[in-house]
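Enquirer: how would this look folded up:
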Amino acid sequence: MTSPRPRISKAVIPAAGLGTRFLPATKATPKEMLPVVDRPAIQYVVEEATAAGLTDVLMITGRNKRPLEDHFDRNYELEEALNRKGDDERLSRVRESNDLATMHYVRQGDPRGLGHAVLCAAPHVGDQPFAVLLGDDLIDPRDPLLSLMTEVQQAYGGSVVALMEVAPEQIHLYGCAAVEPVDRDGVRRVTGLVEKPAAADAPSNYAIIGRYVLDPGVFEVLRKTPPGRGGEIQLTDALQAMALDPSLGGPVHGVIFSGRRYDTGDKGDYLRAIVRLACERPDLGPDFRAWLRRYVGEEMPNLE
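Expert: Below you'll find the predicted structure:
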């Protein structure tokens, strides 16, 4: 009888990027701290991890990322000021980020790609499977993708990636997976991976989005992975090796996601994410939706 696979409890969030697409807003503010309604984007990601039972979170940071650490730490002066005012509602919201998870931080130093950022987590993760969540992808909490991915990893072992079907003209923006069916709906066996292929070279329309559950064997593969596209160590290249040779820590499976995803790494999608989430908030939604209808119906035609 095989022993049960270890429970996944650790999440890694790479957060060392410079955020150049949002300059000058990110000149002195980490892109992960840009607000989505009234919470920084990174808080949504940590909340997603903890909702899936991953209460040990390691952030891979870089220079000028100190505000990330401050956000998830106690702010005694602010809390005391709110407490003196009797502002229990805001005090509760401030304390939310303090108590989400056990937070850890390590600097990437020389930023050499996502694969290198994941490799920086090796001493903390050890020999247990773990999750990687990219901060640019916000997954709606009503679509528990990460929980499903951990279930699939427990069932099949190896590593699991999140896949989303995209239009052929968009596949060059993503890593792309070649897949074959397995005995579970919504799950595919990954037989190959290509980083940002041209549409004509893509093996499918399944794009890899920013959620991974990885076997710890990925660390040894990454140590041997040479720089790839863009001169960076690509996580996709390591997963490709593991998909082809399961003895390295495979197999690799994909969970097909068709739920609500917000790409906050793109200016247009960032704004759409704010609008969609604000519209759905019970405290903001009714008034905001009414204003939005008036704006679109009365003022938008004059802007054309």
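
Enquirer: Go ahead and confirm M149 touches G210.
Expert: No. Assessed by C-beta atoms under 8 Å, M149 is found out of contact with G210, at 11.8 Å. C-beta coordinates here come from the backbone N, C-alpha and C atoms, glycine included.

Enquirer: Would you mind listing the residues touching both of those two?
Expert: Common neighbours of M149 and G210, using C-beta atoms under 8 Å, 6 or more residues apart in numbering, are A162.

Enquirer: Between those two, point out the one with more neighbours.
Expert: M149 (25 against 22; other C-beta atoms under 10 Å).

Enquirer: Quick one: list the elements packing against whichever strand or helix holds the more buried one.
Expert: Here M149, judged by DSSP states H and E, is contained in helix 145-156. Counting contacts by 3 or more C-beta pairs under 8 Å, 6 or more residues apart in numbering; DSSP states H and E, helix 145-156 is packed against helix 41-51, strand 130-133, strand 159-165, strand 206-214, strand 252-256.

Enquirer: Specify the angle between that helix and helix 41-51 in degrees.
Expert: 40 degrees (axes from the mean of the first three to the mean of the last three C-alpha atoms, to 10 degrees).

Enquirer: What lies in contact with helix 145-156?
Expert: Counting by C-beta under 8 Å, 6+ apart, 4-5, 8, 48-49, 51-54, 129, 131, 133, 139, 159-160, 162, 182, 184, 186-187, 211-213, 251, 253, 255, 257, 259 sit against helix 145-156.

Enquirer: Now do the buried residues in it.
Expert: L145, L146, L148, M149, T150, E151, V152, Q153, Q154, Y156 (16 or more other C-beta atoms under 10 Å).

Enquirer: Just the pLDDT at the second one, thanks.
Expert: Among the per-residue scores, L146 shows a pLDDT of 94.

Enquirer: if I look at it, how far off is L34?
Expert: Using C-beta to C-beta, to the nearest Å, we find L146 at a distance of 22 Å from L34.

Enquirer: With the fourth one instead?
Expert: If you measure M149 against L34 using C-beta to C-beta, the figure is 26 Å.

Enquirer: Please apply the same query to the last one.
Expert: Y156 sits 36 Å away from L34, taking C-beta to C-beta as the criterion.

Enquirer: Please produce JSON lines containing the buried residues of helix 145-156, extended by distance to G86.
Expert: Shown next, in JSON lines, are those (distance: C-beta to C-beta, whole Å):
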{"residue": "L145", "distance to G86": "39"}
{"residue": "L146", "distance to G86": "37"}
{"residue": "L148", "distance to G86": "42"}
{"residue": "M149", "distance to G86": "43"}
{"residue": "T150", "distance to G86": "41"}
{"residue": "E151", "distance to G86": "44"}
{"residue": "V152", "distance to G86": "47"}
{"residue": "Q153", "distance to G86": "46"}
{"residue": "Q154", "distance to G86": "46"}
{"residue": "Y156", "distance to G86": "52"}
